[in-house]
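Q: For reference, the sequence and a predicted model appear below.
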Amino acid sequence: MAITVKNFIKLANFYNQMAMMMSAICVEKGGIAIENYVGRFFAADTLEFVAEYGRRLMASGSKSIPADVVAVIKKFEEEYKKIQNLTTPTQKPIYEMTLEEFERVMNI
């Protein structure tokens with residue numbers, strides 16, 4: 001996927017629609033708090049992806065990024081910082097791990 005403003009807007013819209021759907025699900029399930037909804041981990045991973053995409057878009061040096069898109073990118077980065085402890089940890093592929101790292105991951 002080419003890093004473009006158009007693609008960022010699509011990703012941002014997807015995340016916003018997903019967040020709205022999650023809120024509706026929480027209401028429908030009896031008003032559970034969003035902090036207790038199991039889908040919050042997927043939402044955190046998605047937000048991480050969108051924030052990173054925005055960061056890379058800014059780093060690409062494109063002069064044609066509208067000011068309102070820059071503001072949205074900054075907003076996503078701020079939101080991500082608040083929930084980054086919910087994201088799935090990144091792991092090295094097994095073939096790149098040291099023996100100690102492998103043992104730790106496998107609980108040996």
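A: Here it is on my side, so go on. Numbering: from 1, shown residues only.

Q: Next, the distance between the ends of stretch 76-90.
A: End-to-end distance for stretch 76-90, by Cα to Cα, to the nearest Å: 20 Å.

Q: At which residues are the helices of this protein located?
A: Ranges of helices in the chain, per DSSP state H, are 5-28, 40-59, 67-83, 99-106.

Q: where are the low-confidence patches of this protein?
A: The chain contains residues with pLDDT under 70 at 1, 92-95, 108.

Q: Mind putting the helices of the chain into a markdown table with distance to residue 90?
A: Using the backbone N, CA and C atoms, a C-beta is placed for each residue, glycine as well. What follows is these, written out as a markdown table (distance: least, Cβ to Cβ, whole Å):
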| stretch | distance to residue 90 |
| --- | --- |
| helix 5-28 | 19 |
| helix 40-59 | 10 |
| helix 67-83 | 14 |
| helix 99-106 | 12 |
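
Q: could you redo those as CSV and give each row mean neighbour count?
A: Formatted as CSV, those follow (neighbours: other Cβ atoms under 10 Å):
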stretch, mean neighbour count
helix 5-28, 14
helix 40-59, 17
helix 67-83, 14
helix 99-106, 11
